[in-house]
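*Asks:* Fold the following, please.
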Amino acid sequence: RWLERRELKPRTRAHYRTLLDRQILPAFEDVPVTAITSEAVRDWHADLDRRKPTLRAHAYGLLRSILATAVEDEKIGANPAHIRGAGTTKRARQIKPATLPELETIAAAMPERYRPMVLLSSWCALRFGELTELRRKDLDLKNAVIHVRRGVVRADGAVVVGSPKSDAGVRDVAIPPHLIPMLKAHRDLMPLRGPDSLVFPAADGVSHIAPSTLYRVYYPARKSAGRPDLRWHDLRHTGAVLAAQTGATLAELMSRLGHSTPQAALRYQHTAKGRDTEIAAALSRMVEER
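*Replies:* Next up is the predicted model:
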């Protein structure tokens, strides 16, 4: 009932449903909410698979949220889920953004129709769902702007088009000028010319491209650049680093990435190779210019 009454994105709802069915209900389905104790929550949490820290954190966070609602509804006096740090997890994998030569190699190794996807994911830091839902009317090449208004996700086997991941995801992203000629060429080669035509459709020209279709050509391309570790989503991380290196403020980065909180934007910041040396040199110039 808690899940039914929440306004959630389709993929979030599906994720919560899976957490409930596989992680939470096996332990608590037959236990009255008033009988769930702090000890029971600690025992349950301790028994969750420690090899999957993110899954443990998500399951605990969902249980705590449900029990918090029970407190608000005056069904219980206090929330029995209060294990410090259980709802958060450290990033298990250190992300290494792509370098400019690596990006160039990856793009060159991709089939021509997919090449702009690599470059927009990196230079404009678009999410996969935002990129694959782009339509001709969203691509304003005269003013060098991408209008991000929707995203596409796959949930429970269905393709769902909706608003971006957060309210901040609805945004206008300026296109770096060096990408405009490539995007114009791609647009001119699109078989469908209507304003609602997908910019990067599947082979049939009208359906949304599936991640697996893209990965079949992306994986060999990243390998050719010596980066078999570079996930598609890491191209967005790369875009955040490139934008940060221009001197953009945190607020500007939040706007470009479509984040509603500084914490979300900061997760995408990484120290690029050689950047610290540049900072040190800039500090010295401050002294020399006195």
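*Asks:* which residues does the residue nearest in space to the middle of the chain contact?
*Replies:* By Cα atoms, centre = their mean, the mean C-alpha position of the chain lies nearest to residue 127, the distance being 5.7 Å. Residues near residue 127 by Cβ atoms under 8 Å, 6 or more residues apart in numbering: 151, 164, 165, 169, 233, 236, 258. Every C-beta, even on glycine, is put in place using the N, C-alpha and C of the backbone.
*Asks:* State the distance from residue 250 to residue 289.
*Replies:* Distance, residue 250 to residue 289, by Cβ to Cβ, to the nearest Å: 26 Å.
*Asks:* Look at these two and report which has more neighbours.
*Replies:* The neighbour comparison of residue 250 against residue 289 (other Cβ atoms under 10 Å) goes to residue 250, with 13 against 6.
*Asks:* How many residues are close by the nearest residue to that one once chain neighbours are set aside?
*Replies:* Of all residues not flanking residue 250 in the chain, residue 262 sits nearest, at 5.7 Å (Cβ to Cβ, 6 or more residues apart in numbering). Neighbours of residue 262 under the rule other Cβ under 10 Å: 12.
*Asks:* ok, now residue 233?
*Replies:* 12.
*Asks:* Just the pLDDT at it, thanks.
*Replies:* We have a pLDDT of 93 for residue 233.
*Asks:* List the contacts of the nearest residue to it once chain neighbours are set aside.
*Replies:* With Cβ to Cβ, 6+ apart as the criterion, residue 233 has its nearest non-adjacent residue at 7.0 Å, and that residue is residue 128. Residues in contact with residue 128, defined by Cβ under 8 Å, 6+ apart, are 121, 211, 232, 233.
*Asks:* re earlier: and the least confident of the contacts of residue 127?
*Replies:* Per-residue pLDDT puts residue 165 lowest of those, at 73.
*Asks:* Contacts only, for that one.
*Replies:* Contacts for residue 165 (Cβ under 8 Å, 6+ apart) come out as 9, 127, 129, 151, 258.
*Asks:* right, and the helix or strand after whichever strand or helix holds the third one?
*Replies:* Remark: residue 129 resides in helix 128-132, with elements defined by DSSP states H and E. Towards the C-terminus, the helix or strand next in line after helix 128-132, according to DSSP H and E, is strand 139-140.
*Asks:* Adjacent strands (with direction) for that following strand?
*Replies:* Take DSSP bridges as the rule and strand 139-140 pairs in its sheet with strand 145-148 (antiparallel).
*Asks:* Give the rounded mean pLDDT of the strand it pairs with.
*Replies:* Averaged across strand 145-148, the pLDDT comes to 94.
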